[in-house]
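A.B. asks: Need a 3D model of the following:
(chains A and B)
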Number of protein chains: 2
Amino acid sequence: MGRPSVKTQLVDRTFTVFLSQGYEGASVNDLVAAAGVPKGSFYNHFPSKEALAIEHVRRYIAALELDALADDPAPPLTALRTHFERRIADRAATGLENGCLLGNFSTGVPNGCVDLRTEVQLGFSLWEHSIAEVLRRAQAQHQLVAGASPADLAAFVIGSFEGAIALSKVTRRVDHVADFMKTIFDLLLPRLTMLGKDGS
Amino acid sequence: MGRPSVKTQLVDRTFTVFLSQGYEGASVNDLVAAAGVPKGSFYNHFPSKEALAIEHVRRYIAALELDALADDPAPPLTALRTHFERRIADRAATGLENGCLLGNFSTGVPNGCVDLRTEVQLGFSLWEHSIAEVLRRAQAQHQLVAGASPADLAAFVIGSFEGAIALSKVTRRVDHVADFMKTIFDLLLPRLTMLGKDGS
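C.D. replies: Residues are numbered from 1 along each chain as shown, chains lettered A, B, ... in the order given. As a prediction, the model looks like this:
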């Protein structure tokens, strides 16, 4: 294999800089230093820091493995549990204290960075859509009461996950993600299963 | 009344700067400009930007009205609902797109700002403790099954609230906080009430 291109190096080696320092806290100087490339070459590949951050958001969305979630042959709620176990393992791999790129960017990107914010929003929409689909399958298989709204529940689950990650980031305790898994999968969803088909 | 002191002016007029620009995005220049005070006077009152941010976190914790929650004579789960309705009204007043100071700081303060991060963590701990107390009262009054852990549920509810606020911040839709209220108060907590006293 040949040497990785400067562009690849810039993307591969700057993910943790954005994660640990935040969008505003990561300067182009920090990014080129982490990538080991001259500062001048940055602008040959990316018109701005925002453009590089957008590239990271796209990679991050791909790494959510939404296709694997859609294709998982397991019962829907089991597939969803596996999906979040994997996301937690991903976050643990880059350090729970570094949080989630989408979550960090949702609070940390200035309002003026419209393109980046739109990309983050797109990531959440795709994720929400994928989870809502799984919840719809769960309803079709009577794993979930018909009265619950898959779209609302999907957004709630993602919000709760992001909140748990944000709390873990500040408290440096993993309890919050364990608590998220337990509350969603052992308390909330089973109780939305036990009810009658009227969904009340 | 006399003129507000420079220190008061610095605190009163910089809250929205931290909220809308984030900790890293708010420079001392931005802060003194918003406060309408000369830059030199900043350091007469605060040793650093971090010290001013800590002052804001303390005010923010006071504004959570945790005493009002503890003293609310309403049934515990009604008191908790009122508490979150007020927090949402507070967030709406400063713009939902600006998020929550504790939430923004939990993801946006560099790991090196140990004192500020500790203050944010303290805020979450106090909040969690107050909500856990209300949930314990709910258990004592059989509004909540004995098997649910008040501390874990309290942390989950706060995480879900912060996540919903973060999603609202990026999507610019209020749906997420409405969804949070509905899922916690109309789906999750009532179902933890309906069960038998064994908590299963």
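
A.B. asks: mind listing the helices for chain A?
C.D. replies: Under the criterion DSSP state H, chain A carries helices at the ranges A:6-12, A:15-25, A:28-35, A:39-45, A:49-63, A:66-71, A:76-93, A:101-108, A:114-140, A:150-171, A:175-181, A:189-191.

A.B. asks: who touches the fifth one?
C.D. replies: Meaning helix A:49-63. A:10-11, A:14-15, A:18, A:23, A:26-28, A:31, A:42, A:46, A:90, A:101-102, A:105, A:109, A:113, A:115-116, A:119-120, A:122-123, A:126-127 (CB atoms under 8 Å, 6 or more residues apart in numbering or on different chains). For glycine as for every other residue, the C-beta is placed from the backbone atoms N, C-alpha and C.

A.B. asks: Can you select the buried ones from the residues you listed in PyMOL?
C.D. replies: Of the contacts of helix A:49-63, the buried ones can be selected in PyMOL as follows, counting by 16 or more other CB atoms under 10 Å in any protein chain shown:
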select buried, chain A and resi 10+11+14+15+18+23+26+31+42+46+101+102+105+109+113+116+119+120+123+127
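
A.B. asks: center of chain A - which residue?
C.D. replies: Chain A has A:L102 as the residue nearest its centroid, 5.3 Å off, counting by CA atoms, centre = their mean.

A.B. asks: now it, nearest residue through space, not along the chain?
C.D. replies: Counting by CB to CB, 6 or more residues apart in numbering or on different chains, A:L102 lies nearest to A:G123, which is 5.1 Å off, once chain neighbours are set aside.

A.B. asks: Show the contacting residues for that neighbour.
C.D. replies: A:57, A:60-61, A:64, A:102.

A.B. asks: What ranges in chain A fall below the confidence cut-off?
C.D. replies: A:1-3, A:194-200 (pLDDT under 70).

A.B. asks: Just to check, the residue nearest to the centre of chain A is in contact with A:I165?
C.D. replies: No - using CB atoms under 8 Å as the test, A:L102 is too far from A:I165 to be in contact (9.6 Å).

A.B. asks: that older thread, tell me how far the residue nearest to A:L102 lies from B:V37.
C.D. replies: Here A:G123 is placed at a distance of 40 Å from B:V37 (CB to CB, to the nearest Å).

A.B. asks: Ok, A:R117 next?
C.D. replies: A:R117 is 31 Å from B:V37, by CB to CB.

A.B. asks: rewinding a little: put together a markdown table for the contacts of A:G123, with distance to B:A140 on each row.
C.D. replies: Shown next, in a markdown table, are these (distance: CB to CB, whole Å):
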| residue | distance to B:A140 |
| --- | --- |
| A:V57 | 47 |
| A:Y60 | 45 |
| A:I61 | 46 |
| A:L64 | 42 |
| A:L102 | 40 |
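
A.B. asks: nearest to chain B, of the residues you listed?
C.D. replies: Comparing the contacts of A:G123 against chain B with CB to the nearest CB places A:L102 closest, at 8.3 Å.

A.B. asks: For the closest one, which residues are in contact?
C.D. replies: A:57, A:60, A:120, A:123-124, A:127, A:162.

A.B. asks: Which pair of those spans the longest distance?
C.D. replies: Spatial extent of the contacts of A:L102 (CB to CB) is set by the pair A:V57 and A:E162 at 14.4 Å.

A.B. asks: Those two - which one has more neighbours?
C.D. replies: A:E162 (30 against 22; other CB atoms under 10 Å in any protein chain shown).

A.B. asks: Please list all residues in contact with that one.
C.D. replies: By CB under 8 Å, 6+ apart, A:E162 lies in contact with A:100, A:102-103, A:106, B:162-163, B:166-167.

A.B. asks: any idea how far it lies from B:G40?
C.D. replies: 41 Å.

A.B. asks: same thing with A:P4?
C.D. replies: Distance of A:P4 to B:G40, computed by CB to CB: 49 Å.

A.B. asks: Looking at these two, which has the bigger crowd around it?
C.D. replies: A:P4 (12 against 8).

A.B. asks: ok, now which ones touch the more buried one?
C.D. replies: A:P4 touches A:D12, counting by CB under 8 Å, 6+ apart.

A.B. asks: Look up how far A:A35 lies from it.
C.D. replies: Distance of A:P4 to A:A35, given as CB to CB: 10 Å.

A.B. asks: hey, what's in contact with both of those two?
C.D. replies: Taking CB under 8 Å, 6+ apart as the contact rule, A:P4 and A:A35 both touch A:D12.

A.B. asks: follow-up on the earlier one: show me which pair in the contacts of A:E162 is furthest apart.
C.D. replies: Using CB to CB for every pair in the contacts of A:E162, the one that comes out farthest apart is A:L102 and B:E162, at 14.1 Å.

A.B. asks: Could you pull up phi and psi at A:D72?
C.D. replies: Per-residue torsions, A:D72: phi -60, psi 120 (degrees, to the nearest 10).

A.B. asks: Thought A:R86 was touching it, still the case?
C.D. replies: No - assessed by CB under 8 Å, A:D72 is found out of contact with A:R86, at 10.6 Å.

A.B. asks: Pull up the overlap in contacts between these two.
C.D. replies: Contact criterion CB under 8 Å, 6+ apart; residues shared by A:D72 and A:R86: none found.

A.B. asks: ok, the closest residue in space to A:Q9 that isn't next to it in sequence - contacts?
C.D. replies: Spatial nearest neighbour of A:Q9, excluding adjacent residues (CB to CB, 6+ apart): A:A35 at 5.1 Å. Counting by CB under 8 Å, 6+ apart, A:A35 touches A:6, A:9-10, A:12-14.

A.B. asks: Pick the one among these closest to chain B.
C.D. replies: Chain B lies nearest to A:T14 out of the contacts of A:A35, by CB to the nearest CB, at 16.5 Å.

A.B. asks: Sounds good, over and out.
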